[in-house]
Structure formats: C-alpha cells, structure tokens
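1. Need the 3D shape of this:
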Amino acid sequence: MNKAASSITRRLVVLGFASVSAVHILGYGQGFAQGKAPEGPIEITSGTSPGGTPDVLMRRAAKILNEEKIITNPLVVQNRTGGSWMNAANWVLNKKGDPNTVLTIAQPIITTPITQGLPTVYDKLTPISMFIQGDLVLAVRPDSPAKDLKGLIDLAKQRERSIKVGGSQAGSTDHMVTGLLEKAGGVKFNYIPFDGGGAAQTAFLGGNVDMIVLTPSEILPLMQSNKARPLAVLSEERRTEPEFKDLPTAKEQGLDVVWGQSWGLAGPPDTDPAVVKFWNDAIQKLVATDAWKSAVNEMFLRSKVVPASQAKEHMAKMHQEHLAVLKDIGMAKTQ
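-> Alright, predicted model coming up:
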C-alpha cells in the first residue's frame, strides 16, 4: 500500500478526533454568543427513509432532548428522500437563516456531489456538530474457506474478481471499503451494487455474494445465528464489548484500512450564531445523559462531539478523504 493511501486510511478513524481552536475556525463556541432557542417546532431534516440509520439516530436524539427537557421546542424528524440526500440538502439550503430547520449530516452529503459531479453542499451549510461515530465490520459467509483477513486476501489473489462483495449503490460506504481493501491487499474483488444495504444483506444470506460490510449492530445477530463470520473490524483499535473483543482489526492482520461512519447536524446558510450556540449546548447536554449513553452503547456506537468551532474544518477534511477514495475506485466526477 503506498504512503498516500496509508495516510488516508490512518486519518479515517471514524472521523472525530480533530483538536482545533474555536476561534481558528468559525468563532462559534464558548463565550462568542449567547445561545438562543428558536420559537416553535424545529424540523430535523433527513435524507433517508424511516428506519434508516440516520433516521433512527436522530429520532432517538430528538426523543431524549425533549424528554430530558434539554430542548423544549417540539422536535420533528422529517424524511425528505430522493436524489441520494440531495432533496433533503436542497430543502435546507433554501431555508437560508431559518432557525427552525437543521439537516442531518450523513456520508451522502459529502459523497453524492462527488459521484454526481455536483457543486459541494457541506461548505454551504452552517456547521453545528458531528456527534455520533460508528465502526464497520467485514464479514464472509460461515462456509467461506477464509478464516481471517489474510485468508481472504490469499483467496482473492488466486483468481481476480472471484470474490463477490455485496453492497449498496456504487460510491457507497460498502464500495469505498471494498476499494480500500483492494488497494491495501493488492487484489481485485467483484463489487455488486444493490438497491440499498438491506437488499445486499438478503443477497449475502442467500449465498449470492461472498462478502459484506456491516455495522456491529447489524452483524451481531448474524454471528449469533451462525449466518456470517466476521473477519475484521475496520477501526484503529478492537472494540471492548464481550461480543467483539476477540475480533481483530484489519491493521492487526496486516492491512492498514481504517474506515467508519459519522453523523451530525448542520443549519441552513446564515444560521444565527446564537442558534448554533443553542444547538451546541444542547448536544453537549444530550451526550452526557444516561439515556443517550445507553442508546449509543445499545447500537455499538460512540458519541464524541466535534463542535461547531471545529466542524467546518472537520467536514472539509472528510470531503478530501472521501474524494481521494472515490477517485481511486473511479467514482469521482469532480476534482
């Protein structure tokens, strides 16, 4: 694996550990503005269908924020699907200065403009916070001859594109992980895109693909029912839960591949700094609640806050890292 690719993967440890001065980025943060709650209901816009991971996460966050009276405004998660999140993004972009609308930030906000050759979106929004991070697990079918990641790479080297990888659409997280594994292992897989992760998992369970990329919460029931064999977690360090403590990282097995997912919130263009401060304070209180800690533990997630003071630079870094990988797999239509 070349030095540039290694550097990229090392920096991708679930996107959330930058340490940057508040005044260096936006000036938002402690002491810059007094928090000001909007009046009336607040819409949390999501580009995924009900039941999708970002939808579930934001509904859980909204419920706790209201139940704990951290935010007294009614919080409504609104699903505005279509255009690979661009319908949701454009809705919020057109709400310039609206204090009652925020957008869920998920990977497609970064990647869809790259894969479709559209103008960037992340840098036109007002960053609020990235506050949820998740790992990914590489798994094969239980009857696979590959017992570990080295065994998988050895199998792939026997015949190019002989191992079928199921995932969601081209340019997705699954596709990027496949590209990173190919580059690190010097092999070629046969990536087969499906209409969403659910369809890919169905194909995997039906024996139509050999390998899949899942979150810990998705892979656990398949492990317990002997329907999948996990080979590696794509994080810097092993997870500590009893269910995953014996699952080695890809790096432990000689492949320098670290990749994860993260989610957060951003406001429309020209969001009042006082509203940003209101949200920053609310999220800091949210992640400190027992209810939220229980929720993220239940879903095998983490919740390290990247506040507004750091979020602009953080998202720019995310963009560059995703752009580099998408270029490698031939999916980037922008430079």
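2. contacts and neighbour counts: CA atoms only from here.
-> Fine.
3. For Ala308, see how far away the residue nearest to Ala250 when sequence neighbours are not counted is.
-> Among residues not flanking Ala250 along the chain, Ala232 sits closest, at 5.3 Å (CA to CA, 6 or more residues apart in numbering). Distance of Ala232 to Ala308, computed by CA to CA, to the nearest Å: 33 Å.
4. again with Val76
-> Separation of Val76 from Ala308 (CA to CA) stands at 22 Å.
5. for Arg161, same thing?
-> 43 Å.
6. who's more crowded, those two?
-> Neighbour count, other CA atoms under 10 Å: between Arg161 and Ala308, Ala308 has more, with 27 against 14.
7. Summarise which helices and strands the longest helix that the chain contains is packed against.
-> Using DSSP state H, we find that the single longest helix of the chain is helix 308-328. With contacts defined as 3 or more CA pairs under 8 Å, 6 or more residues apart in numbering; DSSP states H and E, the packing partners of helix 308-328 are helix 22-25, helix 107-116, strand 126-134, helix 173-185.
8. so for the third one, what's the average pLDDT?
-> The average of the pLDDT scores along strand 126-134 is 98.
9. Dump that strand to CSV, keeping only the CA atoms.
-> Provided in CSV are the C-alpha atoms of strand 126-134 (Å, rounded to 0.1, in the frame of the first residue of the first chain):
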residue,chain,number,x,y,z
THR,A,126,-23.7,26.2,8.7
PRO,A,127,-21.8,23.5,10.7
ILE,A,128,-23.3,22.7,14.1
SER,A,129,-21.8,19.4,15.3
MET,A,130,-20.7,15.9,14.4
PHE,A,131,-21.5,13.8,17.4
ILE,A,132,-22.1,10.2,16.5
GLN,A,133,-19.5,7.8,15.2
GLY,A,134,-19.7,4.1,14.2
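10. now it and helix 308-328, what's the angle there?
-> With axes from the mean of the first three to the mean of the last three CA atoms, to 10 degrees defining the directions, strand 126-134 sits at 70 degrees from helix 308-328.
11. quick one: average pLDDT of the following helix or strand past strand 126-134?
-> Of the helices and strands lying after strand 126-134 in sequence (DSSP states H and E), the nearest is strand 137-140. In this model, strand 137-140 has a mean pLDDT of 98.
12. which helices and strands sit right next to strand 137-140?
-> strand 211-214, helix 216-224, strand 229-233.
13. what number of residues lie near Gly171?
-> Look at Gly171: counted by other CA under 10 Å, it has 26 neighbours.
14. Excluding chain neighbours, what is closest to it?
-> For Gly171, the closest residue by CA to CA, 6+ apart turns out to be Met331, at 6.0 Å.
15. from what I can see the one you found touches Thr115, true?
-> Yes - Met331 is within contact range of Thr115, at 5.6 Å (criterion: CA atoms under 8 Å).
16. Overlap in contacts, the two.
-> Common neighbours of Met331 and Thr115, using CA atoms under 8 Å, 6 or more residues apart in numbering, are Gly171.
17. low-confidence ranges in the stretch 201-335 of the chain?
-> Applying pLDDT under 70 to the stretch 201-335 of the chain flags the ranges 335.
18. Pull the contacting residues for Gly167.
-> Applying CA under 8 Å, 6+ apart to Gly167 gives the contacts 174-175, 191-194, 196-197, 200-201, 212-213.
19. Across the sheet, point out what pairs with the residue nearest the centre of the chain.
-> Nearest residue to the geometric centre of the chain (CA atoms, centre = their mean): Gln261, 2.3 Å. Note on Gln261: beta-bridge partners by DSSP bridges are Gly134.
20. follow-up on the earlier one: tell me the angle the longest helix of the chain makes with helix 173-185.
-> Going by the same axes, to 10 degrees, helix 308-328 makes 70 degrees with helix 173-185.
21. and helix 308-328, C-alpha only, in CSV?
-> What follows is helix 308-328, C-alpha atoms only, in CSV (Å, rounded to 0.1, in the frame of the first residue of the first chain):
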residue,chain,number,x,y,z
ALA,A,308,-19.2,24.0,15.5
SER,A,309,-15.9,25.6,16.2
GLN,A,310,-14.2,22.6,14.7
ALA,A,311,-16.9,21.2,12.4
LYS,A,312,-16.1,23.4,9.3
GLU,A,313,-12.5,22.1,9.1
HIS,A,314,-13.6,18.6,10.1
MET,A,315,-16.1,18.4,7.2
ALA,A,316,-13.6,19.8,4.8
LYS,A,317,-11.2,17.1,5.8
MET,A,318,-14.0,14.5,5.4
HIS,A,319,-14.6,15.8,1.9
GLN,A,320,-10.9,15.5,0.9
GLU,A,321,-10.6,12.0,2.3
HIS,A,322,-13.8,10.7,0.6
LEU,A,323,-12.8,12.4,-2.7
ALA,A,324,-9.4,10.6,-2.6
VAL,A,325,-11.0,7.2,-2.2
LEU,A,326,-13.7,7.8,-4.7
LYS,A,327,-11.1,8.8,-7.2
ASP,A,328,-9.2,5.6,-6.5
